[in-house]
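> Next come a sequence and a model predicted from it.
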Amino acid sequence: MKRRREAMEKGESEIRLATEEILLVFNNEEKENISTSVLLCVSKQILHFLDKMGPTLFVLRQDIHQNIERIEKLHEKDMSRFTNLVEIIKKESDEGTTRKSNSCTRALIWLTRSISFTVALLETLTKCPQLTLEETVEEAYKNTLKPWHGWISSAAYKVALKLIPEKESFISLLLGKCQEFEDLKGDIQNLVSIIQTLLDETNSLLVKHRLENLKST
């Protein structure tokens, strides 16, 4: 928190700070397999970003938080073994628990989808400036999370859309000190390019284990 506050005081945007935090972890991890620490770091940065919307998307934020905790708990039990996501899925595949509601594999799946949603939100924010923030969120949701949600989850998101703040207020919370929107767009592009690598690798892993089509209620 201290580092984040100091960086903001220097004029860095929330997006640029998130990029730096992710790269710090990414550069210290093995490259052969998908790092558990990198996924957790990206998920925490995404959560911090979504917190800027206030009470909006509470269901999604709570879901991300719970999934982070579930994977962290297993990771901390044996950090040398569960240093990458492959080992987590392998463990639960061997136990036959990958599809259980409290599995780390399911947590991994939903964190990946939540990250995809946030990436889509950020990209739409920069590419479609004519849209309101509510329309931006709705577009991102439609293309990422909605296909995997049952009617209960979909109904919760319809309620959440009514609490979306004004776009100008939201962007002002993301902007760095004396930063212009064009600078923020550049920061967003850098962040998305880094996160997209993680998403591509994680989605390939899920497809390999035939887990990509898991739905919620």
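Cool, got the structure. None of the values given here were measured: they were computed from a predicted structure.

> Just read off the phi/psi values of Ser35.
Recorded main-chain torsions at Ser35 are phi -70, psi 130, according to degrees, to the nearest 10.

> can I assume it is in contact with Phe82?
No. Using CB atoms under 8 Å, Ser35 and Phe82 do not qualify as a contacting pair, with a distance of 10.5 Å. Heads up, the C-betas are built off the backbone N, CA and C, glycines and all.

> Tell me the gap between the longest helix along the chain and the middle of its chain.
Secondary structure of the chain read by DSSP state H shows that its longest helix is helix 181-208. Taking the mean of its C-alpha atoms, helix 181-208 sits 10 Å from the chain's own mean (CA atoms, centre = their mean, to the nearest Å).

> Show me what that helix is packed against.
Taking 3 or more CB pairs under 8 Å, 6 or more residues apart in numbering; DSSP states H and E as contact, the helices and strands that helix 181-208 lies on are helix 14-26, helix 36-51, helix 85-95, helix 104-127, helix 167-174.

> In the longest one, which residues are buried?
Along helix 104-127, these residues count as buried under the neighbour rule (16 or more other CB atoms under 10 Å): 104-126.

> How about stretch 51-67?
The neighbour-count criterion (16+ other CB under 10 Å) identifies 53, 56-57, 60-61, 63-64, 67 as the buried residues of stretch 51-67.

> can you check stretch 184-198 too?
Counting neighbours by 16+ other CB under 10 Å, one finds that the buried residues in stretch 184-198 are 184-185, 187-188, 190-192, 195, 198.

> For the residues you listed, give me JSON lines that also has distance to Ala160.
Compiled in JSON lines, the buried residues of stretch 184-198 are given as follows (distance: CB to CB, whole Å):
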{"residue": "Leu184", "distance to Ala160": "24"}
{"residue": "Lys185", "distance to Ala160": "26"}
{"residue": "Asp187", "distance to Ala160": "26"}
{"residue": "Ile188", "distance to Ala160": "22"}
{"residue": "Asn190", "distance to Ala160": "28"}
{"residue": "Leu191", "distance to Ala160": "23"}
{"residue": "Val192", "distance to Ala160": "23"}
{"residue": "Ile195", "distance to Ala160": "22"}
{"residue": "Leu198", "distance to Ala160": "25"}
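
> Closest one of those to His48?
Relative to His48, the closest of the buried residues of stretch 184-198 is Leu191; by CB to CB it sits at 12.3 Å.

> give me every residue that touches the residue nearest to that closest one when sequence neighbours are not counted.
Among residues not flanking Leu191 along the chain, Thr19 sits closest, at 4.6 Å (CB to CB, 6 or more residues apart in numbering). Contacts for Thr19 (CB atoms under 8 Å, 6 or more residues apart in numbering) come out as 187, 190-191, 194.
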